[in-house]
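K.L.:
Please find the sequence and the predicted model below.
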Amino acid sequence: MIRFDSVSFHYGGERGTGEGVDNIDLTIKDGEAVVLCGASGCGKTTLTRLLNGLAPHFYEGELEGSVWINDLCVSSAELSETSRYVGSVFQNPKSQFFNIDTTGELVFGCENQGLSREKIKERLVRTEKDMKLTNLMGRNIFELSGGEKQQIACGSVYTADPVVFVLDEPSSNLDRKAINRLHDMLKKIKADGKTIIFSEHRLYYLMDIADRFVYLDDGMIADIFSPAELSGMSDDELAGKGLRCTDITRLKKSSGKAVSANSTVPAVETVDLSCTKGGEQILDIERLRLPANGIIAVIGDNGSGKSTLTEALCGVSAADGNIALNGVYLNEKERAAKSFMVMQDVNRQLFSESVIEEVVLNSSADRTKAENILDKLGLKNVMKRHPSSLSGGQKQRVAIASALCAGKEIIFYDEPTSGLDRGGMERFGELLGDMSEDMTSVIITHDPELILKCCTHVLHIENGRVLGFYPLDDEGVQRVKWYFLSDSEENTSKRRKKQGTIGRILGYAGDKKKYVFCAMALMIAGAFCSAVPYLGIYSLLGKLFGGENITLAGSVSEIGIVLISGILYALTYTSGLQLSHRAAYHTLENIRISLQEKLDMQPIGNIHDMGIGAVKKLFNEDVESVEVMLAHVIPEGASNIFVGLVILLIYIGVDWQMALFSVVILLFGFGASRQMYDVGMDRMGTYFASSKRLNNSIIEYVAGMEAVRIFNRSAESGERFEGAVYNYRDFGLAWYKVCWPWMSLYGSLFANITLYSMPLGALLVILGHITLSRYILALCLSFALGPLLVHALALIGTLPRVNYKIQSLEKALDTHPLKCGSDTFTGKDHTIRFDNVRFAYRGDEVLKGVSFTAKEGEMTALVGESGSGKSTIARLIAHYYDTNTGTISIGGQNIDSMPLGCLGNEVSYVSQELFLFNKSIMDNIRVGRPGASDDEVKAAAKKAGCDDFINELENGYDTVAGASGNKLSGGQKQRIAFARVLLKDAPIVVLDEATAFIDPDNEKKMNDAIEEITRNKTVIVIAHKMSSIAKADKIIVMDNGRIAAQGTHDILYRECSEYRKLWNADKISSCWSLKGSEKNASYGA
Amino acid sequence: MELTFYGEDNKGILKFDPRTKFLLFIASGLMSLSSYSDSGAAVYTVVLLAVYALCGKPLSALKSALIFGAVMYLRAVLQNSQGAPPMIVLLVTALTTVFMFGFPSVLSIVILVRTTRISHFLSAFQAMHLPIRMIVPFAVFFRFLPTVAEEWNGVRKAMAFRGMTLSPAEVIRHPLRTVEYVLIPMLFSSMAVMEELAAASMARGMDADTKRSSYEEVRLKAADYVLIVLVFGMTVFAFIMGYSVKGGMNV
């Protein structure tokens, strides 16, 4: 039990921050979770400090009364004593850890308590399991995100196992994901029966953890609320108390200015922005325009590239691509001069001794103007003070003031409201609103309240790409809220691999690695052999200069050596190549198989998103690049460099002066090649982006040919194609342009070492320092050296490209696989149940909490306008995607728990897109049940009404369907799909627009077929033709991702206006389509 | 950010106690001072390189070996070369001699730093019964290296917005002002981190008077003893040999 016994505390020492508290009387029971809330400076942090003993033992001051934890008087006990009972987590993730590695940090508290090693180990294991920290163990804390650091801080306290947890604004620097994780950890801690005390501004994530909210005002307890009381308060009541929202879903956009995006010149415009750091592509943005005078919120998870993007835009980080500010393309320095960034740690940007000096520093503004600006920002009364003596919010405004004085046009903010209370947040929002007349603001933020308070647009970044850029209208508000409410999938970030290109590729080779090494050894031998002939020539020349007569007989041995080494070279080199190729192609096989396995586990949607072109490129070209690496670059490059070095050493032995000179030349050459590698690597991102675009536009151009011709849009489509081609050409040329000078430089330096060292050697011979024969040997060696190095460097030159491709290979399928268990189907029946299912596609919520039941043996129809989410429901039943939240179950079993194959046995899904394999019709129908006999296939075809038209085909059932089945009409293909379903005979049938291809000719046959396949089944049917579903057992009316109504036709027709509208619209259109049926049929074909 | 100044040992075949590595450094120093023979230094270096490789850095060890070998080769070539200007021969011989005898000391420091985790280091200090008042400054120093790097990065960016450049011309023209612009924000920002860090450590029971335990196990194992005996054996041998040579010269 915790007891505050009429406690008053006022800071007195030099570390005095905050206002102190008065007359606190508070008792907290064991296992209770209490939140201290209130505006900034209300004393909530002081209370936490009183509890963990930092006040008065660290933050000195005057204390009256006492704080008790059970029978320990915290106010008088030593801090080390208190720390056994109280564990503390602080606001700032970056300054609360003492160690460098996570494991050391987790055990820090235990070590301080002097626990034995075994005991600590036991606790560490428990923490790792309970707090789900496995991914974070044994890592460098400096490479973790703020959220992960905070997880470690919580885990560290958990390991020390105190009875009371004290958390001082733990969420203020965290993003959405991290808050969710923190929430889960806290829930677990509470479930363990620990007492938790929070001091916190953000309340929404604590609503289901806290038992009591203690509201402080001006250092005194003003009120105590239960969670129910607090969540019952209206927004105005909360605002009156200076409290933040308790529920994001209830947030509303404050009635600020209307979106004014009509300005013609965008504040920021970028084309082909890409940024590569350490060989890894962080940004890849094709085109982005931010409207002038807007207040743009940049959202996205940690590590998605938000900071890199803003830093690139304002010119302090290097990036490729063109960036214009206010319509003018500028370089980095010019951008830095025109823009400003208010950093999260604003201490870093205050340079002067007083506020006024700070503001006029390096700016053209005079003092009066500066004072006016300070006045506007409410800083006039602190004008003479030292910036570091101000509060956080004031420092921030000083930084803004300095930007205004310098006449900046765009200000970027990095999480400006972290740790601000409601008042501070609202004041900041208003300030932005006031400034937006002549200023564009771009805010990186994790604060939904700020976004809804003042922003006009939202830019959503994910994985370095723009996921969405939208104005904050009603729909925008929904999207933003959805983002902040959706759960994060993963618990922690992945470990970053610190591996070079070569190590990575050798990793792919697996057990074929030894082949690569053998090949390398053979090639080294080969390279030696290639150098030996020069020695033979030397020996011959030596004889010549020695005055001997050279006869054929006398030089047999030399000629023999030259010949033999030539043969040996050929042998070793080719067998080395053979080995390395064997390794390479085996590796390719492994990679392709593992890629295919990964692809199989991807949600269909992800594969669609990638596009056929990208998948093809992945399997073909990108994988192929590994071959270049394994077969050529690694063995040949290594052997060439190695032998080159050996020759160089011999060269030194022969004559060190000439060698030294050659080395200098070589160093220049290496410098040039290094330079080429660097510039080549930097530009690689843009180059490949344009190649990807070219690829996609070729595919689009060909795929869209039909539509283009029909609608006579060839000029337009041609233009886009042309654009992509030109773009690729320009980037290709630009890349070669920066690389070529270096390439030719090192090429000429390496190839002509002899040319440079010859005169020097000649001089040395003339001076008598070396003999003529040594001179000639040296020249021979330098002849041998050049080609080896040129060859090696040519191979090294391909490294950046190969590295890039391998990265894209690794990244491509690095998304979450579909959640699939390994259970068999154990559901008790085939009732389908959706339980509050939410699903978003590319950051856009398509299903917003859908719950319904489709009973076994009944027909359930989904109706609604297009885009209302009907087809999504069908696809989710077939498990094309994972849901974001909520569950889908069949007979009580979650479909996530079984593999796709098992689910496939239960569900037949007929989609709108029908695909026929390029096999006989017989085999195409047999896809439904691979083991079926020919007779069974024919019987199914008869029932589906296909028999007639199949027999009319030239080869009957053995007719090959042709690629994508283009020999058949839409209706015929549809019926073949029905035959498959009949053959498969799964208990659940999902028909997505199965009647789309109905025309008067085949209407009866189609309806009969549908009748046939839905008999005694659980059926979900999606239809535009309302008449066909009128007799369904249950009709569900979808409206914009929600269920508007459900019931039978009669009830819905009476009670649901939406349904009536759909029904009537269909009536009219069906009359119309009868008249034009001829035309319709031809389009359907 | 790449943090190359922190060591790691997770790939090591043998994990030596940090204290052993420390002794290795002392032995290397003694060796360099007492040995006068090329072959002695070479053998000793080879042993060190083997230790480096065994501690999980075979590639770095190979690289060091190649460099060492190349320099030794150069030295041998030069000493046997005829017709070269004697000044240059003398100069290069002197340089390579310094390199040859300095190499073991440098290598043993590299081994110590690059293959020892910081927490292991601190535990070793603790096991050596150093007072906590001496260990904490070390720990804080290591802890602050990356923080300073982060701060520096931030300040550099902040300066760019204020039109303050760090170009060499600017630094030469206004050295004091540049230092001021860099130092003031870094100091204030580091001070804030420092204070919070102190508070956090205190609240978690870091206290100079309590006896701390250590999760990291530091214990001298068989391999440690073997290595200590080996290197000190060699050093003592070199010491005696060195004296006998010197003695011979004196006579």
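P.N.:
Structure received. This one's a predicted model, so the numbers in the text were calculated from it and none came from an experiment.

K.L.:
So which residues make contact with the helix or strand where residue A:10 lies?
P.N.:
Per DSSP states H and E: residue A:10 is located in strand A:2-11. With CB atoms under 8 Å, 6 or more residues apart in numbering or on different chains as the test, strand A:2-11 has contacts from A:17-18, A:20-28, A:46-47, A:50-51, A:55-56, A:59-69, A:75, A:164, A:195, A:197. (Each C-beta comes from the backbone N, C-alpha and C, glycine too.)

K.L.:
Give the rounded mean pLDDT of stretch A:1024-1039.
P.N.:
In this model, stretch A:1024-1039 has a mean pLDDT of 82.

K.L.:
Tell me the spacing between residue A:214 and residue A:1016.
P.N.:
62 Å (CB to CB, to the nearest Å).

K.L.:
can you pull the contacts of the closest residue to residue A:427 other than its chain neighbours?
P.N.:
Here the nearest residue to residue A:427 in space, its sequence neighbours aside, is residue A:393; by CB to CB, 6 or more residues apart in numbering or on different chains that works out to 7.6 Å. Residues in contact with residue A:393 (CB under 8 Å, 6+ apart) are A:420, A:424, A:427-428.

K.L.:
What ranges in the stretch 51-200 of chain B fall below the confidence cut-off?
P.N.:
Within the stretch 51-200 of chain B, the stretches with pLDDT under 70 are B:82-84.

K.L.:
all helices in it, in order from the N-terminus.
P.N.:
Along the stretch 51-200 of chain B, counting by DSSP state H, counting those that start in this stretch, helices occupy B:58-80, B:86-114, B:118-127, B:132-161, B:168-173, B:175-203.

K.L.:
Go ahead and name everything in contact with the shortest one.
P.N.:
Okay, so that is helix B:168-173. Contacts for helix B:168-173 (CB under 8 Å, 6+ apart): B:164, B:178.

K.L.:
By proximity to chain B, which residue of the stretch 551-700 of chain A wins?
P.N.:
Residue of the stretch 551-700 of chain A nearest chain B, by CB to the nearest CB: residue A:653 (5.2 Å).

K.L.:
Could you measure from the residue lying closest to that residue once chain neighbours are set aside over to residue A:767?
P.N.:
Leaving out its chain neighbours, the residue that sits closest to residue A:653 by CB to CB, 6+ apart is residue B:77, at 5.2 Å. Look at residue B:77 and residue A:767: by CB to CB, they are 20 Å apart.

K.L.:
again with residue A:805
P.N.:
The separation that residue A:805 has from residue A:767, given CB to CB, amounts to 54 Å.

K.L.:
what do you get for residue A:342?
P.N.:
Distance of residue A:342 to residue A:767, computed by CB to CB: 69 Å.

K.L.:
Please identify which of the two sits among more neighbours.
P.N.:
Taking other CB atoms under 10 Å in any protein chain shown, residue A:342 and residue A:767 do not tie; residue A:342 has more neighbours (24 against 9).

K.L.:
Does anything pack onto the helix or strand where the residue of the stretch 551-700 of chain A closest to chain B lies? Which helices or strands?
P.N.:
Using DSSP H and E, residue A:653 maps to helix A:638-654. Judged by 3 or more CB pairs under 8 Å, 6 or more residues apart in numbering or on different chains; DSSP states H and E, the packing partners of helix A:638-654 are helix A:513-545, helix A:656-703, helix A:772-797, helix B:58-80.

K.L.:
right, and those helices - which one's nearest residue B:16?
P.N.:
Relative to residue B:16, the nearest member of those by CB to CB is helix B:58-80, separated by 14.2 Å.

K.L.:
Nearest to chain B within the stretch 651-800 of chain A, name that residue for me.
P.N.:
With CB to the nearest CB, the shortest gap between the stretch 651-800 of chain A and chain B falls at residue A:769, namely 4.3 Å.

K.L.:
my read: that residue touches residue A:656, true?
P.N.:
No - counting by CB atoms under 8 Å, residue A:769 stays clear of residue A:656, with 10.8 Å between them.

K.L.:
All the strands of the stretch 451-600 of chain A, residue numbers only.
P.N.:
Ranges of strands within the stretch 451-600 of chain A are A:457-462, A:465-471, based on DSSP state E, counting those that start in this stretch.

K.L.:
looking at those, which one has the lowest mean pLDDT?
P.N.:
Least confident of the strands of the stretch 451-600 of chain A, judged by mean pLDDT, is strand A:465-471 with a mean of 83.

K.L.:
Give the pairing partners of it; include direction for each.
P.N.:
Strands that pair with strand A:465-471, judged by DSSP bridges, come out as strand A:457-462 (antiparallel).

K.L.:
what's in contact with the strand it pairs with?
P.N.:
Residues outside strand A:457-462 that contact it (CB under 8 Å, 6+ apart) are A:259, A:261, A:288, A:290-291, A:294-301, A:304-306, A:309, A:442, A:451, A:466-472, A:476, A:479-480, A:483, A:843.

K.L.:
in it, what counts as buried?
P.N.:
Of all the residues in strand A:457-462, those buried under the rule 16 or more other CB atoms under 10 Å in any protein chain shown are A:457-462.

K.L.:
Same question for stretch A:185-202.
P.N.:
The neighbour-count check on stretch A:185-202 (16+ other CB under 10 Å) flags A:185-186, A:189-190, A:194-202 as buried.

K.L.:
Great, nothing more from me.
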